[in-house]
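Visitor: build me a model from this:
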Amino acid sequence: MADVDPFAPATAMAAALRSGAVRAAELTEQHIRRIERHDRALNAVVVRDFTRARERAAAADHAHDRGERRPLQGVPITLKESINVTGLHTCCGVPEWKDFISQHDAPAPSRLRGAGAVLLGKTNVPPMLADWQSANPVYGRTNNPWDVGRTPGGSSGGGAAAVAAGLSALEVGSDIGGSIRVPAVFCGIYGHRPSETLLPRSGQFPMPPLPNSAVVMGVQGPLARSAEDLELALSVLAGPEVGEDVAWKVTLPPPRRERLADFRVAVMPSIPWVVVDDQISAALADLAGRLAKMGAVVREIQPEGLGDHREYQAFYRTLLSAVTGARVDEETRRRRAQAFRQAGDELSLGAARGLEGSAGDYLVWNGRREQHRASWRAFFREWDVLLAPAMNVLAYPHIERAWPPDTSDLTLTFTINGRAVPYMHGLVYPALSTVPGQPSTAFPVGLSREGLPVGLQVIGPYLEDLTPIRFTALLAREIGGFRKPPGYDA
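Guide: Reported below is the predicted structural model:
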């Protein structure tokens, strides 16, 4: 049988496998050959599981011959390195953890395997998942398939690069600071940050396979080459956390609209103190104009309580520091808090509060978070989706960063529109949906003057994940969707 188009959507690969047009063993071998050929330049799939992948592909073919049909039967996929898989290393790019081999499956690989997927391996991340680059002392640096001199994003950057280059049909990453959405727009693919409680959040890092409801804002979700692939992945992954599956079930409501002309589209107003690449701003304005011409209701508006976003962003940094600071020792927390306090600006002081706060503070912060969630619920009674940048910068040249980070990290900058912009301002647009736990789909809209992907995000109502995903599927029919990067056909 002839090779399948390696850039075909996962849904198309699944259909070809169901019809018998291709065998799982052949499709798996094709992807393994592509990884062996192209990953020398990308360094995306850093933990490889080819022997078991071949065994699972053969099992998928036998199941097909017996008449079994499962949603992802025989489809070759990858997972973020931080997600635990029995028998594979999980170190999150941290040298002290490089010898850890998981003895359990996280919920995500367990559900994907149950759906018949073939796991090829796991993909690269930054240390502790704490950057929009994917470089670490254990596995080295992952490059962007559109320009190997630039980052593919992070922390799910290895997975985004693998999907964009046709090395994997589907990836599962995680997101607390844009770690699904930023790699998606940097690599020109789709990525969905689910509603916070739609998928299990357990099973990352070298730790026991138990849920922890106190770890707020962080989610796991899919990256793919089409919006339809995101829907397929959610149909497999969505469901209650371990222990709650005794009684809880998930039934996602259908998309609110089936035509772009019927959508009520809010557009995030510009944030005066946050510099955004002109080409991203132009893409957002152009898309808003096109939607209005189609008949959609389009208006610049944001949820109440966001103001000029400084207080909102500082609050986000407080919660983020509280959650991520729990992963490091007391001395590291103290040193980071001191560095943030010395910086003295409102956002850094918010981060310091998160590192220094008490258990009582954390309860108060979560109460405040519920007020924001109520504001977003009210907003989506009037609007169906909110369009915004996913990130304020395009894929940028690699930046060397030390690990563990020191106070000099606070001086890092992007160059945007010829200006030096604080690196941590990159958190502003990801935080929009992260604070209230809203679903958000990142999607491609075209290419920049430099030939780099340009993407945006569309935020939807809580637990109505199919609404923003379907919105991007409909958009693809009008403006085009995924484009393959040059040089990866063979």
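Visitor: touching stretch 349-359 from outside, list them.
Guide: Residues outside stretch 349-359 that contact it (Cβ atoms under 8 Å, 6 or more residues apart in numbering) are 313-323, 325, 333-334, 336-338, 340-341, 343, 361, 365. Backbone N, C-alpha and C define where each C-beta goes, glycine included.
Visitor: using PDB, write down the CA coordinates of that stretch.
Guide: Taking C-alpha atoms only, stretch 349-359 is exported to PDB below (Å, rounded to 0.1, in the frame of the first residue of the first chain):
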ATOM      1  CA  LEU A 349       4.900  41.800  43.400                       C
ATOM      2  CA  GLY A 350       1.900  39.600  42.500                       C
ATOM      3  CA  ALA A 351       4.300  36.700  41.800                       C
ATOM      4  CA  ALA A 352       6.100  37.300  45.100                       C
ATOM      5  CA  ARG A 353       2.800  37.100  47.000                       C
ATOM      6  CA  GLY A 354       2.100  33.700  45.500                       C
ATOM      7  CA  LEU A 355       5.500  32.400  46.600                       C
ATOM      8  CA  GLU A 356       5.200  33.800  50.100                       C
ATOM      9  CA  GLY A 357       1.500  33.300  50.800                       C
ATOM     10  CA  SER A 358      -0.100  31.000  53.500                       C
ATOM     11  CA  ALA A 359      -2.700  28.300  53.100                       C
END
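Visitor: buried stuff in it?
Guide: 349-357 (16 or more other Cβ atoms under 10 Å).
Visitor: just those residues now: which is nearest Leu386?
Guide: Gly350 (23.0 Å; Cβ to Cβ).
Visitor: show me where the stretch 151-300 of the chain has its strands.
Guide: 171-175, 190-193, 219-224, 264-267, 297-300 (DSSP state E, counting those that start in this stretch).
Visitor: if we can go back for a sec, of the contacts of stretch 349-359, just the buried ones, ChimeraX syntax please.
Guide: Applying 16+ other Cβ under 10 Å to these, the buried members can be selected in ChimeraX as follows:
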select :313,314,315,316,317,318,319,320,321,322,323,325,333,336,337,340,343,365
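Visitor: ranking the strands of the stretch 151-300 of the chain by burial, who's on top?
Guide: strand 190-193 (a mean of 32; mean count of other Cβ atoms under 10 Å).
Visitor: give me the contacts around that strand.
Guide: Contacts for strand 190-193 (Cβ under 8 Å, 6+ apart): 156, 160, 173, 175, 180-181, 183-185, 219, 221-227, 229-230, 233-234, 433-434, 439-444, 465, 468-469, 472, 481-482.
Visitor: tell me which of the residues you listed fall in helices.
Guide: In this view, those that belong to helices under DSSP state H are 160, 181, 183-185, 227, 229-230, 233-234, 433-434, 468-469, 472.
Visitor: quick check: the farthest pair among those residues?
Guide: Asp229 and Thr434, at 22.7 Å, using Cβ to Cβ across those.
Visitor: so between the two, which is more surrounded?
Guide: Of the pair Asp229 and Thr434, Asp229 is the one with more neighbours under other Cβ atoms under 10 Å, namely 29 against 25.
Visitor: that one contacts Glu171, correct?
Guide: No - judged on Cβ atoms under 8 Å, Asp229 makes no contact with Glu171 at a distance of 10.1 Å.
Visitor: any residues in contact with both of those two?
Guide: Contacts common to Asp229 and Glu171, judged by Cβ under 8 Å, 6+ apart, are Pro222.
Visitor: pLDDT and distance to Arg377 added to the buried residues of stretch 349-359, as a markdown table?
Guide: Output for the buried residues of stretch 349-359, formatted as a markdown table (pLDDT from 0 to 100; distance: Cβ to Cβ, whole Å):
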| residue | pLDDT | distance to Arg377 |
| --- | --- | --- |
| Leu349 | 96 | 29 |
| Gly350 | 97 | 24 |
| Ala351 | 96 | 27 |
| Ala352 | 96 | 30 |
| Arg353 | 97 | 26 |
| Gly354 | 97 | 25 |
| Leu355 | 96 | 30 |
| Glu356 | 97 | 31 |
| Gly357 | 96 | 26 |
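Visitor: just flag the most distant two among these.
Guide: Maximum distance among these (Cβ to Cβ): 12.2 Å, for Leu349 and Gly357.
Visitor: in the stretch 351-490 of the chain, which spans are helices?
Guide: Taking DSSP state H, counting those that start in this stretch, the helices of the stretch 351-490 of the chain run over residues 359-382, 428-434, 466-479.
Visitor: what's the closest of these to Gly67?
Guide: Once the helices of the stretch 351-490 of the chain are compared by Cβ to Cβ, helix 466-479 is nearest, at 29.8 Å.
Visitor: hmm, who's touching that closest one?
Guide: So helix 466-479 is in contact with 190, 192, 226-228, 230-231, 234, 252-260, 263, 287, 290, 294, 384-385, 439-441, 443, 445-446, 458-461, 481, going by Cβ under 8 Å, 6+ apart.
Visitor: so how far is it off the chain centroid?
Guide: 18 Å (Cα atoms, centre = their mean, to the nearest Å).
Visitor: re the thing from before, buried subset of the ones in helices among the contacts of strand 190-193?
Guide: Counted by 16+ other Cβ under 10 Å, these give 160, 181, 183-185, 227, 229-230, 233-234, 433-434, 468-469, 472 as buried.
Visitor: and which of the residues you listed is nearest to Asp329?
Guide: Distance ranking of those against Asp329, using Cβ to Cβ, places Thr434 first at 25.4 Å.
Visitor: state the pLDDT value of that closest one.
Guide: Per-residue pLDDT puts Thr434 at 98.
Visitor: with Thr407 instead?
Guide: 46.
Visitor: ditto for the one 4 residues further on
Guide: As summarised for this prediction, Thr411 has a pLDDT of 88.
Visitor: count the residues that sit near it.
Guide: Thr411: 10 neighbours (other Cβ under 10 Å).
Visitor: quick check: it vs Arg341, distance?
Guide: Distance check for Thr411 against Arg341: by Cβ to Cβ, to the nearest Å, it reads 16 Å.
Visitor: ok, now Asp61?
Guide: Taking Cβ to Cβ, one finds Asp61 at 60 Å from Arg341.
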